[in-house]
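Peer 1: just need the structure, nothing else, for what follows:
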Amino acid sequence: LEHGRATTPEAYDRWFGVAQSVNYEALAAAYGVGFVRATHPRELASILAAPAAGPRLIHAPVERATHLYAALRGAAQ
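Peer 2: Got it, this is the predicted structure:
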């Protein structure tokens, strides 16, 4: 995709919206860093506010919104 060039949602998804199958907990363990998962925004805020004893990987999964592009177009019009 060229910088500043308009594209379609399908083209964007093809290059950037790929599914991830990474085991982040195992990845953190492999590098010897802490791991924590935040499943809600309040939980993430709490994790970020707490002091950390060292480096940690915070996994905050985000679900892709259904019909996101249509909603954004509708909001912009």
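Peer 1: can we go C-alpha only for contacts and neighbour counts from here?
Peer 2: OK.
Peer 1: where in the protein is pLDDT low?
Peer 2: 1-4, 18-19, 64-72, 75-77 (pLDDT under 70).
Peer 1: check which helix or strand covers Phe35.
Peer 2: With secondary structure defined by DSSP states H and E, Phe35 is part of strand 34-37.
Peer 1: packing partners of that strand?
Peer 2: Contact here means 3 or more Cα pairs under 8 Å, 6 or more residues apart in numbering; DSSP states H and E; on that basis strand 34-37 packs against helix 24-31, strand 56-59.
Peer 1: so which residues make contact with the last one?
Peer 2: Residues lying outside strand 56-59 but in contact with it, judged by Cα atoms under 8 Å, 6 or more residues apart in numbering, are 24, 28, 33-38.
Peer 1: so which two of those residues are the farthest from each other?
Peer 2: Across the contacts of strand 56-59, no pair lies farther apart than Val33 and Ala38, at 16.3 Å, counting by Cα to Cα.
Peer 1: give me the more crowded residue out of the two.
Peer 2: Ala38 (17 against 14; other Cα atoms under 10 Å).
Peer 1: that one reaches Ser46, doesn't it?
Peer 2: No. Checked against Cα atoms under 8 Å, the pair Ala38 and Ser46 is beyond contact range at 9.1 Å.
Peer 1: the spatially closest residue to His40 that is not a sequence neighbour: how many residues sit nearby?
Peer 2: In space, His40 comes closest to Ala60 once its chain neighbours are excluded; the distance is 7.9 Å by Cα to Cα, 6 or more residues apart in numbering. Residues contacting Ala60 under the criterion other Cα under 10 Å number 14.
Peer 1: roughly how far apart are Ala60 and Ala45?
Peer 2: 11 Å (Cα to Cα, to the nearest Å).
Peer 1: likewise Ala52?
Peer 2: Using Cα to Cα, Ala52 is found at 13 Å from Ala45.
Peer 1: just to revisit the earlier point, dump the helices and strands packed on strand 34-37 into CSV; add mean neighbour count as well.
Peer 2: Listed next are the helices and strands packed on strand 34-37 as CSV, based on neighbours: other Cα atoms under 10 Å:
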stretch, mean neighbour count
helix 24-31, 13
strand 56-59, 15
